[in-house]
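Q: Next comes the sequence, and after it the predicted model I'd like to discuss.
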There are 2 protein chains.
Amino acid sequence: MTDTEETEPPDVGELVPPDRTLMGPGPTDVHDRVRRAAAAPLVGYLDDYYVSVMDDLQELLRYAFRTTNEHTFVVSGTGSAAMETALANLLEPGETVLVPGNGYFGQRMGHVAARAGAEVVTVEAPWGQPLDPADVEAAFERHQPTVFGFVHGETSTGVRQPDVPALTDIAHAHDAYVVADTVPVLGGLPFRTDEWDLDVVYTGSQKCLSAPPGVAPITFNERAVEKVHARETPVRSWYLDLAGVWEYWGEERNYHHTGPISTNYALREACRLIAEEGIEAVWERHRRVGGAIKAGAEAMGVPLHVDDDHWLPTLNPVTVPDGVDDDRVIERVMDEHGIEIVGGLGALAGDIFRVGCMGHSARPGNALEVISALGTVLAEEGADVDPDAGVTAVRRALAE
Amino acid sequence: MTDTEETEPPDVGELVPPDRTLMGPGPTDVHDRVRRAAAAPLVGYLDDYYVSVMDDLQELLRYAFRTTNEHTFVVSGTGSAAMETALANLLEPGETVLVPGNGYFGQRMGHVAARAGAEVVTVEAPWGQPLDPADVEAAFERHQPTVFGFVHGETSTGVRQPDVPALTDIAHAHDAYVVADTVPVLGGLPFRTDEWDLDVVYTGSQKCLSAPPGVAPITFNERAVEKVHARETPVRSWYLDLAGVWEYWGEERNYHHTGPISTNYALREACRLIAEEGIEAVWERHRRVGGAIKAGAEAMGVPLHVDDDHWLPTLNPVTVPDGVDDDRVIERVMDEHGIEIVGGLGALAGDIFRVGCMGHSARPGNALEVISALGTVLAEEGADVDPDAGVTAVRRALAE
């Protein structure tokens, strides 16, 4: 080895994250049991114990997805890696995919599918509105897509796409495959993969499932699995190619890549908490706490930028009042109250605050805290709001 | 929402990983401080605190990579995702890449590059041998590749590719870019990215850096950055496309995907331990403990399946003695002694045990334990070995 002058080691100090209440679009507050699971001793990626953790995860995720799909597993990347896993494996170059244009993540589906070589066509709706099934039907007749991707809860706008079966019916009548993005939804709102006849559904770990980010649950039904197995061209990403990934998650348990063991330990514990509470009770808690945030915002004078019919309890798009600098409000809510909320993304930047209510963050006390803090700062910034009325409305909604 | 019959929640029990000593190819034993870092409270993925963690990681990784490269960062996936990040961003469809044929991970470079649309050509050497620079030179003259990928430490064979500058000189004389896989090396053996003139270098988190798996450090020099910026075709993976990833890790700190916060907390603490010990001392510890394992295996009667000149102290390929069932030995070492070692991969399956010595697993006590356990089991399985001589040799080597 060559002898060289050595550099001084950096001195970066102890890891001391500040105490935050996370009411943004994820990550969420993470339950102490989940964080402790992330710190459990490691084993090998093919150790019998880790294989049993994978088995448990698959069973727990089938429960959360409401599916009996055998091919229910965890992508070793974030939610966007799961989006790419779905689209890059299902689509072959030259096939057409229909994606939504009414939000940042719907549009991302198009960007991701284009990398897989697909022809991307879009069904439009204004940002802040869901897709109209009549527009989806028209797009199907015009473009005859092979795959239809939609976003059940749009993180960028706080809009819930209602009546999922109406969309799957249209797609299946045209022999297309349906991919559902449920990133800020799964484990927060009622979602029924099998009953609603979805072909592929994915989510992130750090939203309503309330684990740390870095892994992403996904499920494929048999019809989608068959399409992947029948591919004529290799998937354009080796890392996300299910031909290899399924050998690790399937009965073979063959090595493909080293599983993200600690994060999957944590996801297992997060899903276990959901199983203990019961998923119907988890759904009801999100509706109740999210409803209290909605009621508080409305009573305070900053209603949600979404119709009640499309309200997404897990991500509330609170209107930015006239004359207020949204970035400054967000910064003050963080600095003076220790609470993370975020601003709008894309077409709604500057128009909305996004107030999340997911997983372990979806607790009654957090609804009170965030409405109190946001109301206080907005009033101090000169907005015409009534924080007391907001907090009272939160208390009443929680008591119902 | 539709009313449906609900399923029973799974009851999977508490997470209780067994107590293992991890002497395989990674993950390693993980220091208690690193595991506690993984359990630290989360913050948002653009929180000022998380951005400071990213800054610290970049500084710590430059120290470990021995580089001043600005573009030193962490891929949000395992080591194979870093391999794909390197090759898929550097290569455009139709360009030629030269990869090694003498091991599982060298061959994987070819599989990954093919997905990026590259023409893959191979320079061969027997499994268990390094590449011969003369063969690399001949391959360059024959194929004129744009990118040359090589594996500095082959996890599948336990072979170290010596004299890295000889390889970079050949490649650069042909105006090619050099990608170095340092997965079981970085933070274990002396490695000098800048002095050896490497264009791209990547590693995994769970090898010598000794953090949990799931993220992968990587560094690009300015020359490689310019090639990526000059691409004429989009990268075929959206998730691993550096055009987006660099906006998150660069000065912009723009959202691309949600960072794997907890695992990066852990990696930061793991790299901080290396900085505290001093990387030269870390390298020396790996040589000393790995050397004790090598001495123990040789004295016991199961020499390494590698020439001394190509010995990789972090992964020792111990010969499987005649008449012994390697799988049964591995299983007994695990079940009766709680120690993970693994078998050969690919062409060396059945011929070697792979005994790792990386990161927090590279401790003197572990060298004693693994030689004692392996010797005991081999003797009980009827092999002609002398476990006492092995343990004595370990003790002597450690005392030197």
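A: That came through fine.
Q: Check whether residue A:228 really touches residue A:90, as I assumed.
A: Yes: assessed by C-beta atoms under 8 Å, residue A:228 is found in contact with residue A:90 at 6.6 Å. Using the backbone N, CA and C atoms, a C-beta is placed for each residue, glycine as well.
Q: Which one of the two is surrounded by more residues?
A: Neighbour count, other C-beta atoms under 10 Å in any protein chain shown: between residue A:228 and residue A:90, residue A:90 has more, with 26 against 17.
Q: so what's the more buried one up against?
A: A:147, A:177, A:179, A:199-200, A:224, A:227-228 (C-beta atoms under 8 Å, 6 or more residues apart in numbering or on different chains).
Q: Switch those residues over to JSON lines; also include secondary structure and distance to residue A:307.
A: Listed next are those as JSON lines, based on DSSP: H, G, I helix; E, B strand; the rest coil; distance: C-beta to C-beta, whole Å:
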{"residue": "A:147", "secondary structure": "strand", "distance to residue A:307": "28"}
{"residue": "A:177", "secondary structure": "strand", "distance to residue A:307": "29"}
{"residue": "A:179", "secondary structure": "strand", "distance to residue A:307": "25"}
{"residue": "A:199", "secondary structure": "coil", "distance to residue A:307": "28"}
{"residue": "A:200", "secondary structure": "strand", "distance to residue A:307": "28"}
{"residue": "A:224", "secondary structure": "helix", "distance to residue A:307": "32"}
{"residue": "A:227", "secondary structure": "helix", "distance to residue A:307": "35"}
{"residue": "A:228", "secondary structure": "helix", "distance to residue A:307": "37"}
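Q: Next, format the residues you listed as JSON lines and append pLDDT and distance to chain B.
A: Shown next, in JSON lines, are the contacts of residue A:90 (pLDDT from 0 to 100; distance: C-beta to the nearest C-beta, whole Å):
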{"residue": "A:147", "pLDDT": "98", "distance to chain B": "16"}
{"residue": "A:177", "pLDDT": "98", "distance to chain B": "19"}
{"residue": "A:179", "pLDDT": "98", "distance to chain B": "15"}
{"residue": "A:199", "pLDDT": "98", "distance to chain B": "18"}
{"residue": "A:200", "pLDDT": "98", "distance to chain B": "16"}
{"residue": "A:224", "pLDDT": "98", "distance to chain B": "20"}
{"residue": "A:227", "pLDDT": "98", "distance to chain B": "19"}
{"residue": "A:228", "pLDDT": "98", "distance to chain B": "15"}
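Q: burial of residue A:68, as a residue count?
A: Using other C-beta under 10 Å, residue A:68 is surrounded by 12 other residues.
Q: What sits closest to the closest residue to chain B within the stretch 101-250 of chain A if chain neighbours are left out?
A: Chain B sits closest to residue A:214 of the stretch 101-250 of chain A, with a gap of 3.1 Å, by C-beta to the nearest C-beta. Leaving aside its sequence neighbours, residue A:214 sits nearest to residue B:260 (C-beta to C-beta, 6 or more residues apart in numbering or on different chains; 3.1 Å).
Q: tell me the contacts of that neighbour?
A: Neighbour list for residue B:260: A:78, A:212-214, A:260, A:263, B:76, B:214-215 [criterion: C-beta under 8 Å, 6+ apart].
Q: could I get those as a markdown table with pLDDT?
A: As requested, these are exported to a markdown table (pLDDT from 0 to 100):
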| residue | pLDDT |
| --- | --- |
| A:78 | 97 |
| A:212 | 98 |
| A:213 | 98 |
| A:214 | 98 |
| A:260 | 98 |
| A:263 | 98 |
| B:76 | 98 |
| B:214 | 98 |
| B:215 | 98 |
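Q: what's the closest of those residues to residue A:206?
A: residue A:213 (3.8 Å; C-beta to C-beta).
Q: Could you double-check that the closest one sits in contact with residue B:264?
A: No: counting by C-beta under 8 Å, residue A:213 sits too far from residue B:264 to count as a contact (9.7 Å).
Q: Need the phi and psi values for the residue nearest to residue A:214.
A: The phi/psi pair for residue B:260 (degrees, to the nearest 10) reads phi -80, psi 80.
Q: now residue A:43
A: phi -130, psi 170.
Q: Is it in contact with residue B:340, as I believe?
A: Yes: here residue A:43 reaches residue B:340: they are 7.5 Å apart, a contact under C-beta under 8 Å.
Q: Please identify every residue contacting each of those two.
A: Residues touching both residue A:43 and residue B:340 (C-beta under 8 Å, 6+ apart) are B:20, B:22.
Q: what about these two, which has more around it?
A: Ranked by neighbour count (other C-beta under 10 Å), residue A:43 and residue B:340 place residue B:340 first, with 26 against 23.
Q: Let's see the pLDDT reported for the more buried one.
A: Looking at residue B:340, its pLDDT is 98.
Q: Look up how far chain B lies from residue A:71.
A: Going from residue A:71 to chain B by C-beta to the nearest C-beta, to the nearest Å gives 17 Å.
Q: give the contact list for that residue.
A: Residue A:71 neighbours (C-beta under 8 Å, 6+ apart): A:219-221, A:224-225, A:246, A:249.
Q: Low-confidence ranges, chain A, go.
A: Low-confidence segments of chain A (pLDDT under 70): A:1-6.
Q: All the helices of it, residue numbers only.
A: Taking DSSP state H as the criterion, chain A contains helices spanning A:32-38, A:48-65, A:79-90, A:104-115, A:133-143, A:164-173, A:222-229, A:242-249, A:261-277, A:279-300, A:326-337, A:364-380, A:387-399.
Q: number of nearby residues for the residue nearest to residue A:346 when sequence neighbours are not counted?
A: Excluding the flanking residues, the one nearest residue A:346 by C-beta to C-beta, 6+ apart is residue A:104, at 4.6 Å. Residues lying near residue A:104 (other C-beta under 10 Å) number 19.
Q: ok, residue A:104 to residue A:251 distance?
A: 38 Å (C-beta to C-beta, to the nearest Å).
Q: Can you give me the distance of residue A:325 to residue A:239?
A: Distance of residue A:325 to residue A:239, given as C-beta to C-beta: 42 Å.
Q: wait, residue A:291
A: Going from residue A:291 to residue A:239 by C-beta to C-beta gives 40 Å.
Q: Those two: who's more crowded?
A: Higher neighbour count among residue A:291 and residue A:239: residue A:239, with 30 against 19, using other C-beta under 10 Å.
Q: So that one is in contact with residue B:82, correct?
A: No: assessed by C-beta under 8 Å, residue A:239 is found out of contact with residue B:82, at 9.3 Å.
Q: Help me confirm that residue A:312 comes into contact with residue A:158.
A: Yes: assessed by C-beta under 8 Å, residue A:312 is found in contact with residue A:158 at 5.1 Å.
Q: list residues touching both of those two?
A: Residues within reach of residue A:312 and of residue A:158 at once, by C-beta under 8 Å, 6+ apart, are residue A:306.
Q: Compare those two and say which one has the larger neighbour count.
A: residue A:158 (30 against 27).
Q: Let me see the contact set for that one.
A: A:304-306, A:311-312, A:315-317, A:352, A:354.
Q: Highest neighbour count among those?
A: Busiest of those [other C-beta under 10 Å] is residue A:315, holding 32 neighbours.
Q: give the contact list for that residue.
A: A:25, A:153, A:155, A:158, A:184, A:354-358.
Q: Give me the spatial nearest neighbour of it, chain neighbours excluded.
A: Using C-beta to C-beta, 6+ apart, the closest residue to residue A:315 is residue A:158 (4.4 Å).
Q: now do residue A:236
A: residue B:236 (4.0 Å).
Q: So that neighbour versus residue B:255, what's the distance?
A: 22 Å.
Q: before we move on, what about residue A:48?
A: The gap separating residue A:48 from residue B:255 is 39 Å, by C-beta to C-beta.
Q: do the same with residue A:168
A: The gap separating residue A:168 from residue B:255 is 30 Å, by C-beta to C-beta.
Q: and these two? which has more neighbours close in?
A: Counting neighbours by other C-beta under 10 Å for residue A:168 and for residue B:255 shows that residue A:168 has the greater number, 20 against 16.
Q: No further questions, thank you.
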